[in-house]
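Peer 1: Model the structure of this input:
(chains A, B, C and D)
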Amino acid sequence: MKLFEYEAKKLFEKHGIPVPRGKLATSPEEARKASSELSFPVVVKAQVLVSGRGKAGGILFANSPSEVEEAAEKILGMTIKGLNVQSVWVEEKISVKNELFFSITIDRVKRSYVVLASSVGGVDIEEIAAKTPEKLVRFPVNPDYGFRSFHARYIAAKMGYVGDQQKKLAAIFRKVYAITMELDAELAEMNPIVETVEGDFVAADARIIIDDNALFRHPEYEKRLFEAGASEFSPRELEAMRKGLAYVGLDGNIGIIGNGAGLVMATLDAVQYYGGKPANFLDVGGGASAERVASALEIVASDPKVNVVFINILGGITRCDEVARGIIAAKKKVGYEKPMVIRLVGTNEEEGKHILTEAGIHVLESMEEAAEKAVKIAKGENRKWE
Amino acid sequence: MKLFEYEAKKLFEKHGIPVPRGKLATSPEEARKASSELSFPVVVKAQVLVSGRGKAGGILFANSPSEVEEAAEKILGMTIKGLNVQSVWVEEKISVKNELFFSITIDRVKRSYVVLASSVGGVDIEEIAAKTPEKLVRFPVNPDYGFRSFHARYIAAKMGYVGDQQKKLAAIFRKVYAITMELDAELAEMNPIVETVEGDFVAADARIIIDDNALFRHPEYEKRLFEAGASEFSPRELEAMRKGLAYVGLDGNIGIIGNGAGLVMATLDAVQYYGGKPANFLDVGGGASAERVASALEIVASDPKVNVVFINILGGITRCDEVARGIIAAKKKVGYEKPMVIRLVGTNEEEGKHILTEAGIHVLESMEEAAEKAVKIAKGENRKWE
Amino acid sequence: MGIIVDRNTRVIVQGITGTQGRFHTKAMLEYGTQIVAGVTPGKGGNKVHGVPVYDTVAQALEKHEANASIIFVPAPFAMDAALEALENGLKTIVIITEHIPIKDAIQIMHLARKNGATIIGPNTPGIITPSECKLGIMPAHVFRRGVVGIVSRSGTLTYEIANGLTRAKLGQSTCLGLGGDPIVGLNFIEVLKMFEKDSETKAVALIGEIGGNLEELAAEYIQNEGYSKPVAAFIAGRTAPPGKRMGHAGAIVMGKAGTAQTKIEALEAAGVKVAEKPGDIAKILAEKLRS
Amino acid sequence: MGIIVDRNTRVIVQGITGTQGRFHTKAMLEYGTQIVAGVTPGKGGNKVHGVPVYDTVAQALEKHEANASIIFVPAPFAMDAALEALENGLKTIVIITEHIPIKDAIQIMHLARKNGATIIGPNTPGIITPSECKLGIMPAHVFRRGVVGIVSRSGTLTYEIANGLTRAKLGQSTCLGLGGDPIVGLNFIEVLKMFEKDSETKAVALIGEIGGNLEELAAEYIQNEGYSKPVAAFIAGRTAPPGKRMGHAGAIVMGKAGTAQTKIEALEAAGVKVAEKPGDIAKILAEKLRS
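Peer 2: Coordinates of the predicted model:
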């Protein structure tokens, strides 16, 4: 779960990490008012849970309250990568001497947390790694030790800081680690963390992503996950999450439902292989009970782009006859009338097919064939499949 | 630093460990009033930082408010092992089915925390170990794992509990461990923890000792350490602690000052060997600066029982001439006039001796000889040493 | 033969009294897996499908010999269950549980490494050496004793491919699901090494998906070490958009990292034939083994 | 010869810029100890008595070879310093610092064990192999190269006894202070074993005190293993009342456990001569070595 920049900064501040003074606003007037408590110049920043807001025009500078209002006017209501900007963060501009990069995230290969730091910041990590790899410090955290004062100082030293500056910077690094652990974050990042002209360090941008699977330990965030506008998810994605289904919306017109993440991804790929465009990813998970299939169909069918639904079920433990009955019940319950392609194999396959055929639904055995069919229908080449 | 029973119980309660309902009172009237909010019968317990209050009459039962007042009257103002009882804890008597023992402490040999538990409780651990060793579970905590749910359940199972009772008991054990870690306790104990007639578990007694060396992490307790009546230390011991000196009051008449805990203990032993009785243990620690010697002399001399002071300094790194000047300055500053025996060896020994002799103080080289002298003086056999 | 599990594997089921644990204990017993005991806190003394239940692993081991565990415990308690298995010396631990926090998984893997234990999962279908031992939740009927080692990051997609291999009469030596989480106990390279040493395994099917770079590292390994057995791969998620988790917690493209494209390119550069569709794996390997 | 430290010991001083660190660095250098670098956070680039100072141990080791560390860092930061030395592979670590919390000490010892490192202390005067290496704060002049290994829980009392051995012309092979805290890195048995293997050590002086049962365990060891070298002991604290800490955090009689009496009885039962006064140690050992 992504936190908004302003939330991350407030957390940082609570832990004693210096951040620019700032205020949140949800209207241009409020932004203007907020700026009256700050020193100019200020920055007006879109609060939106995707990266790349700078390039999208979501960050503007202002030298007066009226400029703030103007900037907020422009930014609020903007749509950045599909997400609506509902608030802006107005904060004092800081006098930058150097922009640094600091991040704590997961190292899948080492199976540990990893600290990434660079004396070059303000650009993304891929760019740092590509352009100035010699300046990128990569420190995997050994759980026996954790991320301790001497690790933090070593990194600050590698970034070129000595004396009190080294200690200050190291202290900030350790606080970011403490936040990471406390919040079960899978990412905690300051990019940039700024060395000011005065020689202090300020987290000019802040990103935190909490591990969704650890939200049960953080009920204050867990309950927020489903609030509209409070997470990076679309209403349909939220609806699916509420029902315990993994759904990702895409641009195409072929609705896809399957059991097992890998299988559903492969189904999407097969659809694309035959020239079609998936409208979504939807994994009903293990079991594929009638109820879950109904919920899935409801969500997929609610997407107006969808003109055919392709259900790909590999009946493993679950019996195919049960799944078949589930699909029929789901179709009825949801009132879904558009065409459907179903691929169903596994235990009691014959009976399952029989049930579906009886109900006038056509079934294929091969995933590839079924994908091809679905694409043809979506393209209007095979209307008889309705 | 020892916590009072009522403090430990409040901590337990805060962490969700069931404790009997109770109230604190510092006067018989207050005790009577407190009992009105409780169900009878109740127990009135002396709040005092030594063990053995039961045998000393510091625990009484009461069936009515007037009996509570009477009991509190008896207990308040009692002196148990030299400590004044300043408050009583009035709590509801619980219906005991079984008394169990549970404790977390330090295992010096394994260099770890150790959990001790027994299905026999309410008597001291030595007695449990001696009489029912087969019922004593001893579980050293591996820091890689900590004390986890399965450890706690295993112990509860070994104590004979199954099903929900096992889970309840295990949950309590883990909370005690959490408190131990959070508070840097060197002991956290429930003796007894009671299985009630209803099958619940209640911590009927609670003991917590915080590691003095970790008090810097617990400022709320650190500041309390020096409050009179709030710790297990006598006023003179507290005075020494304030000055950074290690002092322990004893029963004899020979005041002892030395540098190094082992050396001071050995000095006490030598005094006893020659038939004398030490009035105290006082270690001035490393350096033995003039200031520290003065503070030490002040504390030792303030004990009216003392009729001779024996200073035993092995000058190691510190030069003897400095120590000698320190002693003379201290004597003057404190206005100490009673006899003194000084043993001083080490770097610049000759000069040190010379300085003391010049000032009319006699010096010996051997610790044993000096101890013998001090004993003689204390017994009045050698008045010329004054 | 096969890897990690065989007919001598003696199993404790942790979380045996839950719906999942109960159901799959039965299925595993029916497959012939030696399940010697189950563990569920507070349920000691019961039996599940004839298997005695204990409150803790330690108590189970006081009565039974075991060397493996399979965990069905809910995510909030799964780390404790895994640590319990580890501390009690079990060397093969399959964690079926999904949604375990990353922090917990890191702790599990750290201690497993120190204990010399093998963790399969979390969020895995488990491992099966057909005809010998099924330590997982996979449908038994799609597997047949054979020559292809399967190592995969997914569940049903693996059954799909295993089924293809079974129909093609190639069968499987062992089929192992690494797990769909970002932090899992084994990586492709480790399993490739085991398959290389296993005489029954004649070829390997590697089933990857978007997210992380375990496939790229496997490709590098195959190339640098001159892997001796034919490998065919399938990578799911060519159509996955960046920044979105595709069902598995670990299946996510971050910026430009972890795409199917980079994985496919790396594998092909290492001489691994990458199938366009799951159905092609059996064809590719049949051909390679024929030649 | 002697144990643990010798003329090849190459030392890093952690906390070198503090009063204590600075003072004892000079004293150790004067003794001939090879101090290659110092570490103090934020003081990198300075020099102390000609020794270069670094911000971290890792940076010091990038420039210098070392195998030991001595720590003068204040108690609240001492655990981090010890962990820094451990993680950087230093195998002999002397912790002078007093008042380290028990929880921190437990963590240090736990990681030291895993790293195969030897911790001396905390709250120790350190270790000295006369004429070769002084890694500690003891006054050099009381020590002379000789044949008695000293292992002790105290500081000045040890100097007292060492001085006696020096005057008696027995001298010391190595003198090691275990430390006065409840949790320390070495126990008597471990050091007795080292002295047994050391050809230069002909006899051992064991200096114990109240608290814990390390002396009792040492007695048991001496008896059961038939320790081959003569041992004389002194136990401080015969007059200590129960429940009171006598200066050292570890010097406390709990109930009836850890008294001088039980220690003395155990040692005597094991055939160890226990001195009534510190001055008797030299006499006892001189006699034993003469016979």
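Peer 1: burial measure for C:Arg145, as a count.
Peer 2: Close neighbours of C:Arg145, defined as other Cβ atoms under 10 Å in any protein chain shown, add up to 15. No exception for glycine: its C-beta is placed from N, CA and C like everyone else's.
Peer 1: tell me the pLDDT at it?
Peer 2: According to the prediction, C:Arg145 has pLDDT 97.
Peer 1: next one: A:Glu351
Peer 2: At A:Glu351, the pLDDT value in this model is 88.
Peer 1: that's a helix at it, yeah?
Peer 2: Yes: using DSSP: H, G, I helix; E, B strand; the rest coil, the assignment for A:Glu351 is a helix.
Peer 1: what's the helix or strand hosting C:Ile35 packed up against?
Peer 2: Using DSSP states H and E, C:Ile35 maps to strand C:34-39. Here strand C:34-39 touches strand C:10-14, helix C:19-31, strand C:51-54, helix C:57-63, going by 3 or more Cβ pairs under 8 Å, 6 or more residues apart in numbering or on different chains; DSSP states H and E.
Peer 1: Turn those into JSON lines, including mean neighbour count, mean pLDDT and distance to chain A.
Peer 2: Converted to JSON lines, the helices and strands packed on strand C:34-39 look like this (neighbours: other Cβ atoms under 10 Å in any protein chain shown; pLDDT from 0 to 100; distance: least, Cβ to the nearest Cβ, whole Å):
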{"stretch": "strand C:10-14", "mean neighbour count": "28", "mean pLDDT": "98", "distance to chain A": "16"}
{"stretch": "helix C:19-31", "mean neighbour count": "18", "mean pLDDT": "96", "distance to chain A": "7"}
{"stretch": "strand C:51-54", "mean neighbour count": "21", "mean pLDDT": "98", "distance to chain A": "19"}
{"stretch": "helix C:57-63", "mean neighbour count": "18", "mean pLDDT": "98", "distance to chain A": "22"}
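Peer 1: Of all the ones you listed, which one is nearest chain D?
Peer 2: The closest of the helices and strands packed on strand C:34-39 to chain D is helix C:57-63. By Cβ to the nearest Cβ, the value is 21.4 Å.
Peer 1: possible to save the helices and strands packed on strand C:34-39 as a markdown table with distance to D:Pro52?
Peer 2: Putting the helices and strands packed on strand C:34-39 into a markdown table (distance: least, Cβ to Cβ, whole Å) gives the following:
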| stretch | distance to D:Pro52 |
| --- | --- |
| strand C:10-14 | 54 |
| helix C:19-31 | 61 |
| strand C:51-54 | 60 |
| helix C:57-63 | 52 |
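Peer 1: any idea which helix or strand carries residue 174?
Peer 2: If you meant another chain, say so; for now it's chain A. Element membership for A:Arg174, per DSSP H and E: helix A:163-183.
Peer 1: nope, chain C please
Peer 2: Under the criterion of DSSP H and E, C:Thr174 resides in strand C:172-177.
Peer 1: Are that strand and chain A in contact anywhere?
Peer 2: No: if you take Cβ under 8 Å from any Cβ of the partner chain as the test, strand C:172-177 misses chain A, and the best it gets is 9.5 Å.
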